[in-house]
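> sequence unknown, structure follows:
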């Protein structure tokens, strides 16, 4: 009886498991680099700290020449860069060149950003 109960619970939990979304996949991939992903040229957008994530990403897309886009998801994520983990805002958008994730963070007087292609499957 007890083993049947546990089997039912296990099946329920497996059935309820969700696949990671593109933002989760990106965070996992970047975390696996142990901070090496932050190397490279610093890119920034000169908007005030009070700018919304949508305003920042609209400016990023304008600078990248992307004119057609639709925002799907905006959320904060933690990515290990050192100790402690760093907090970023991730914006998932459908764009004319395909799904993109833009990571943004206000630092040193401007909005730092990076654009990534979204992985829609594992």
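Nice, I can see it. Predicted model, so just to flag it, every value in this text is computed and none were measured.
> Distance of residue 95 relative to residue 68?
As judged by Cβ to Cβ, to the nearest Å, residue 95 and residue 68 stand 7 Å apart. Backbone N, C-alpha and C define where each C-beta goes, glycine included.
> Show me which of these two is the more surrounded one.
Neighbours per residue (other Cβ atoms under 10 Å) separate residue 95 from residue 68, with residue 95 holding more: 17 against 9.
> So what pairs up with the more buried one in the strands?
In this structure, residue 95 bridges to residue 69, residue 98 when assessed by DSSP bridges.
> need the contact list for it.
Applying Cβ atoms under 8 Å, 6 or more residues apart in numbering to residue 95 gives the contacts 61, 66, 68-69.
> and those residues, which are buried?
With neighbours counted using 16 or more other Cβ atoms under 10 Å, the contacts of residue 95 contain these buried positions: 61, 66, 69.
> Export these to CSV and append columns for distance to residue 115 and pLDDT.
Formatted as CSV, the entries for the buried ones among the contacts of residue 95 read as follows, by distance: Cβ to Cβ, whole Å; pLDDT from 0 to 100:
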residue, distance to residue 115, pLDDT
61, 9, 97
66, 9, 94
69, 11, 97
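> from these, which is closest to residue 112?
residue 61 (15.7 Å; Cβ to Cβ).
> where's that closest one relative to residue 102, distance?
Applying Cβ to Cβ, the value for residue 61 to residue 102 is 8 Å.
> Also residue 72?
12 Å.
> residues shared between the contacts of those two?
Overlap between the neighbourhoods of residue 72 and residue 102 consists of residue 93, taking contacts as Cβ under 8 Å, 6+ apart.
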